[in-house]
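[1] quick check, what structure comes out for this input:
(chains A, B, C, D and E)
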Amino acid sequence: MLSWLVPQASTSARDIDWLFALILVTVGFWFVVAQAALFTFIFRFRRRPGVAASYISGERKEEKRWISRPHALVIVCDVVLIVGALLTWKAVKQDLPPADERIRIVAQQWAWVFVHPGPDGKLDTEDDVRTVNDLRLKIDTTYHFELTSRDVVHSFSVPAFRLKQDAVPGRIVTGWFRPTRLGTYDIQCAEICGIGHALMPARLTIETPAEHAAWYASRSAQGG
Amino acid sequence: MSGQGTEATSHPNYVKVYLALLVLFAISVVGPLFGHPWLTLVTAFGVAAVKATMVAAYFMHLNIERRYIWYLLFTMVAFMGLLFAGVAPDVLAQGGQNWRHVRPAQPAVGHH
Amino acid sequence: MGVVAALRWVLLAAFVVCVKFPAFADPLARGRELYVLCSSCHGEHGQGDRQRFAPAIGGLPQWYVETQLRKFLAGERGYHPDDTTGLQMRPMAQAVYRDGDLQAVATYVASLRPLPAQRSQNTGNASRGQTLYATCAACHGADGKGNEALKAPKLVGQADWYLIDQLKKFRSGQRGAGPGDATGAQMRAMVNVLPDDNAIADVVAYITTLQP
Amino acid sequence: MTHASEFQVPLATRRSATGIPTGRLALWWVLASEIVIFGGLLASYIMFRLHHPHWADEASHTNIWAGGFNTFVLLTSSLFAVLGHQAAEQGDGPKAARFLRLTVLGGLVFLGVKALEWSGEIAHGFTIYRDLFWTFYYAATGLHGLHVLVGMVILALVAQDAARGKNLHRVELIGIYWHFVDAVWIFLFPLFYIAR
Amino acid sequence: MAEGHAQSFWSRYVFSTDHKIIGLQYLFTGMFMGLVGAFLAYVFRMQLAFPGESVPLYGVVTPLQYNALVTNHGAIMIFWVAMPILIAGLGNYFIPLMIGCDDMVFPRLNRLSYQIFFLSTVLILASLFVPGGGFGGAWTAYPPLSASAQYNHTPWGAPLWLIAVALEFVAFLLGGINFVTTVMNARAPGMGPMQIPIFVWMVVIASIVFMASVGPLVAGAIMLLFDQLFGTHFYDPKGGGDPILWQHLFWFFGHPEVYVVLLPALGIVAEVITVFSRKKLFAYKTILYTAFATGIISFFVWAHHQFVAGIDPRMAHLFTITTLIISIPIAEMTFAFIATLYGGSIEFRTPMLWALAFIAEFLIGGVTGIFLGANATDIYLHDSYFVVAHFHYTFFPIAVIAGFAALTYWFPKMFGRHMNETLGKIHFWGTIVPFNFVFLPLFVLGAAGEHRRIYSYEHFSQLFTPGLQNLRVLATVALVVMLLFQFVFLYNFIRSLFAGEKAEENPWKANTLEWAAPSPPPHGNFAEMPIVYRGPYEYSVPGRPLDYWPQHVPQ
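    Below is the predicted model:
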């Protein structure tokens, strides 16, 4: 359902959208039921002359059932949602599939520095390509990223990937994504980081391997 | 006299309690001098817990206070244990799944 | 969204009548409003702040401030991953990206009265620096007052730590090597006359002796 | 301060549905909230301490004898406080006041030793900026010292009343507070001095 | 008691120790701060709808100012509006009345609590006008941004803000201790634990939860203040500190804080719906136990605010489970409230409209919380406008809707006059309808990936589309409409203070003890101290001529 609003550009986007839909259906049911009961009661038991209110303490067993039964059903729904959430989390955030390439992301006030591995596909070699606010990825490639910050807490957020991870100074957080859709997308900072918080948008470009290689070539021609 | 209904109670011998506390205090200072980590742990912190309990029980009269005051204070300590348990995996640990502590990246441009 | 769009125009029209016109009629007033953003680093009077690596900007000529803001906006300055301070300034230029706003800020900055520059403990030798300055004087003038025709900014009155810093950035390519930055490229070539950090310190020591 | 002199104790204060006098009940709640304040600080300290093994070296520069002497002083002053309470319960205001003043004296000695200790450490370069260990050291002992100071002021006021036989129930309350401050120090001492 | 002797204006209204005056002081301070917070919201919503335009009554909003606006809007609305109105204001005024005694147990401590609170109010307002501007690091104040002026550019604003918040905590700690002790010890004879009105219970539970959770944050605030003023490194990894520690300390308090303000609001709703539906509260004990359960579970959920903050991903599992579990007691309480309406005789007076609206709107806030509590969807929705919409659908019902329910319900008691019913209903509909138009669009914007605390979306091509921008304009227009309707309330409130229809002792025919006192209650509250014979919700008891049976009336 989220894909109506934001394109799905990674494998985890699919998983998260699925969970979102599951939750929407479940809580939507409860929402409709509760609102329907509320408004029905409001309408049916409005004050009418000559009709007195009844005396119900809610302490007797048969009365308590009115809330203990929905209560049990809520627990069942909660269990379903918890299982769904934990499995998705494990797949998206906790277990890293084997990496094809690694990139490094360093946040600072107020820019993103991306260290691409270069044509050899390895970080910390001569041909690494560093860019500011410009991330280039190959489609259908599993990336591991190493995220850190130089000064304050930032948050690396790519809505099209459904990816968000805070960049914390003093720690390196690893994560993964696998782009599945060509195009350019927004990268935002999602954690307030000072005056320029709104002004550190970066662009993500997902390219075919050929385009990606050509971009590397153009970078080395510039001497960048 | 107090106007608050403080019931007169039989007092324990405070000087005896005090002397016991002093003995424990001496143990807590001497124990760590041996340098065994576990001995330090027991003598320094185990004895501290005993001393604090004695102060609470005899000097603060918790032994004759209503039971739920114990529960109240214990709940607060338990919440601190909860806080510790929840925070330690991030702050105490050197690293965990998919993250590790590092010295922060310094700005490459030095000005001084 | 028809109703919403209509409401939007109504509200916008109300603004144009009450607020917008007076501000835009006078770029100085608009610039003063926008300058609040700059003042948190460059100071209320544009005096600069060494703690925040912010140079003195008060009284710099309008053309120079505008050119540099445009360079930041276009990524001709503040493009290098190691240029931490440049990367901080770049988003600030984006905040005044609208037509008119950028000129208005520059106009207001130019209208500020320059204040005496902050000094750091620069140990350079001014008399050696005088010899080296001969090259600089070609564009920036013997008096260091700059030359608009040659796109050379005024140097006198600027804090010495900032001049040192920028000369080093020109040398390392953190400034002036951006794509499309023609004047920056010129300056990069000129910096070659300063072979090392001592030379930079010397020439800056000389510049600080010039009378504003 | 006319409003203060017009003040009358409301009926509410004299009620006691729980059986615990209102003042003491409130004091327990105060101490409960103090436990979480000190608890938060010390939990943070312990986590950092275990995270940074080199803090053991820093801790070896704290003055174990000053800390130990202060533990002794606080334990002794606690004894005076509780003896004061005993006297107050027997209705002997002047005797209670004498014990409370001895307690104040204990606090004074504690703070004096603390001041000597701090100035010695600062003179040797172990300032608040040297290392995060020292920041914690000054923050935790400083917060505790503040509690000692506040306790001394209240003790002195209560002693003044007690000497005239007024508000004797407050002797117990300030005593309980003082024992709590003592108990906090009982934990600070091993955390910052002994464990190396 | 103290009637009879002349008191000056100062000792009567400013330095009073009377719980009612102190309650009103909190209430009016809270309402004033509500206006301030609303103004801040107006300014930044205008900036979002019309980026870069000069906002009428304010001017151009720079990014620095925008950060200060959202930061102080959040802090003020929670700490200076919701807390003082719901807990301190109403709690002070009504706890002694509802439990049938003449004052708080520590009247002078009570006065001190308000004075500290007032000082904190002055400081937070002053922090907006100091050189460098107000603090702009969000109400969560994550370090290192909040810890150093080098990063946040507010050398004065940040420490002042922090000191103000810390003082506010101290004030509420003192107040909370007073509440808890009063309710434990000073109840009227005959009032057992199960005869205490739910509102009083809720304030007590909230005070205890507050007391137990705020301690670590007070310690954390001291550490942060050290970082700000002395340049130490508690939260800066360059000196061995850890920014994540603050996040834990903050949320260990921050999440229970949600329930601290929620529970009194639920208590108000319970009082109002029983009176206006003439029904006994459905399952009093169950409601009470669910409130206890909520209070306890609220200590186990805090790290769900930090799923993507760099915490260990394995911990996120535990906190997801506890977070979804906390939905169970709250859902059960909601069911009990809805069940209370069953078989009632519902009269739609203004307070009842607010109480019913609370249930309806809070449901939206409740169900959308599930999306955020589930760790995997939170990756996407964290810090987006979905969160903003979600917590406004909880906090707005809590602070504003329940607040208005309480004000309109207790107005006759507090001031001895009735508010105008027609104006009250106009105000109700003029608030509720625009409210939904303010925040429903934000759910869509958040689901579209719009993040919080961004002063302008012009630099994000996926977000600056005409469709999304129209939603922002819609929200802003609705907000302005809603704010304009508040003037109806202000007019009604002030006019009714002086010219409203006189109210008798018990105009709503309610059971609880406050209605046994004269309206407004004099110093000392009751002409004759009441004795309690039964629970507070005995409405429509079969076989009685009247459909209510006050707690203090013997057979």
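[2] could you use CA atoms for every contact and neighbour count after this?
    Will do.
[3] quick one: the helices in the chain?
    No chain in the question, so chain A it is. A:11-44, A:61-89, A:209-222 (DSSP state H).
[4] ah, I was thinking of chain D
    Applying DSSP H to chain D gives helices spanning D:2-5, D:11-14, D:22-51, D:55-59, D:64-89, D:93-123, D:132-163, D:169-189.
[5] redo these as a markdown table? Include mean neighbour count.
    Shown next, in a markdown table, are the helices of chain D (neighbours: other C-alpha atoms under 10 Å in any protein chain shown):
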| stretch | mean neighbour count |
| --- | --- |
| helix D:2-5 | 11 |
| helix D:11-14 | 20 |
| helix D:22-51 | 21 |
| helix D:55-59 | 17 |
| helix D:64-89 | 23 |
| helix D:93-123 | 19 |
| helix D:132-163 | 19 |
| helix D:169-189 | 23 |
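[6] nearest to A:A111, out of these?
    Nearest to A:A111, of all the helices of chain D, is helix D:132-163, at 29.6 Å by C-alpha to C-alpha.
[7] same for that closest one, what does it pack against?
    In terms of contacts (3 or more C-alpha pairs under 8 Å, 6 or more residues apart in numbering or on different chains; DSSP states H and E), helix D:132-163 is packed against helix D:22-51, helix D:55-59, helix D:93-123, helix D:169-189.
[8] the second one vs chain B: in contact?
    This points to helix D:55-59. No. Figure legend: helix D:55-59 not in contact with chain B (C-alpha under 8 Å from any C-alpha of the partner chain); closest approach 11.8 Å.
[9] what comes into contact with that helix?
    D:R49, D:F133, D:W134, D:F192, D:Y193, D:A195, D:R196 (C-alpha atoms under 8 Å, 6 or more residues apart in numbering or on different chains).
[10] please redo it, this time with the cut-off set to 10 Å
    Contacts of helix D:55-59 from elsewhere in the structure, counted by C-alpha atoms under 10 Å, 6 or more residues apart in numbering or on different chains, are D:48-50, D:126, D:130-134, D:137, D:191-196.
[11] for the residues you listed, which one is nearest E:N152?
    Comparing the contacts of helix D:55-59 against E:N152 with C-alpha to C-alpha places D:L132 closest, at 22.2 Å.
[12] look up how far C:A205 lies from the closest one.
    Here D:L132 is placed at a distance of 39 Å from C:A205 (C-alpha to C-alpha, to the nearest Å).
[13] nearest spatial neighbour of residue 142, skipping sequence neighbours?
    Since you didn't name a chain, this refers to chain A. Of all residues not flanking A:T142 in the chain, A:R178 sits nearest, at 4.5 Å (C-alpha to C-alpha, 6 or more residues apart in numbering or on different chains).
[14] think we crossed wires, I meant chain C
    Excluding its sequence neighbours, the residue lying closest to C:A142 (C-alpha to C-alpha, 6+ apart) is C:A134, at 7.6 Å.
[15] what's around the one you found, how many residues?
    C:A134 has 14 neighbours, counted by other C-alpha atoms under 10 Å in any protein chain shown.
[16] now do the same contact list for it.
    By C-alpha under 10 Å, 6+ apart, the residues touching C:A134 are C:H140, C:G141, C:A142, C:V203.
[17] the last one: neighbour count?
    Looking back up the chat, that one is C:V203. C:V203 has 26 nearby residues by other C-alpha under 10 Å.
[18] my read: it touches C:L194, true?
    Yes. With contact defined as C-alpha atoms under 10 Å, C:V203 reaches C:L194; the gap is 8.5 Å.
[19] centroid-nearest residue for chain A?
    A:R162 (3.5 Å; C-alpha atoms, centre = their mean).
[20] can you name the next helix or strand after the helix or strand of chain C with the lowest mean pLDDT?
    Among the helical and strand segments of chain C, the one scoring lowest on mean pLDDT, DSSP states H and E is helix C:21-25, with a mean of 50. From helix C:21-25 onward toward the C-terminus, using DSSP states H and E, the following helix or strand is helix C:27-42.
[21] so which elements touch that next one?
    With contacts defined as 3 or more C-alpha pairs under 10 Å, 6 or more residues apart in numbering or on different chains; DSSP states H and E, helix C:27-42 has these neighbours: helix C:21-25, helix C:84-94, helix C:101-111, helix E:63-75.
[22] dump those to a markdown table, plus mean neighbour count and distance to chain B.
    Shown next, in a markdown table, are these (neighbours: other C-alpha atoms under 10 Å in any protein chain shown; distance: least, C-alpha to the nearest C-alpha, whole Å):
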| stretch | mean neighbour count | distance to chain B |
| --- | --- | --- |
| helix C:21-25 | 14 | 39 |
| helix C:84-94 | 22 | 7 |
| helix C:101-111 | 23 | 25 |
| helix E:63-75 | 24 | 23 |
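[23] figure out the helix or strand that the residue in chain C positioned nearest to chain B lives in.
    Across chain C, no residue is closer to chain B than C:D82, which sits at 5.5 Å (C-alpha to the nearest C-alpha). For C:D82, there is no helix or strand it lies in under DSSP H and E.
[24] shouldn't it be in contact with A:R150?
    No. Using C-alpha under 10 Å, C:D82 makes no contact with A:R150, being 11.2 Å away.
[25] neighbour-wise, which of those two wins?
    Between C:D82 and A:R150, counted using other C-alpha under 10 Å, A:R150 has the larger neighbour count: 21 against 17.
[26] wait, the more buried one sits on C:P81?
    No. A:R150 lies out of contact with C:P81 (C-alpha under 10 Å); the separation is 11.8 Å.
[27] now E:S148: closest residue in space that isn't a chain neighbour?
    That would be E:Q228: by C-alpha to C-alpha, 6+ apart, it lies 5.4 Å from E:S148.
[28] show me chain C divided up by domain.
    Structural domains annotated on chain C: C:25-115, C:117-212, as defined by automatic domain parsing.
[29] so what's residue 70 up against?
    Just going to use chain A. A:W30, A:V76, E:I328, E:A331, E:E332, E:F335.
[30] not quite, I wanted chain D
    Going by C-alpha under 10 Å, 6+ apart, D:N70 touches D:64, D:76, D:106-107, D:109-114, D:185-186, D:189.
[31] get me the contact residues on chain B for chain E.
    Proximity of chain B to chain E is confined to B:75-77, B:79-80, B:82-84, B:86-93, B:95-106 under the rule C-alpha under 10 Å from any C-alpha of the partner chain.
[32] select from those residues every entry located in strands.
    Mapping these onto strands (DSSP state E) picks out B:G95, B:G96, B:W99, B:R100, B:H101.
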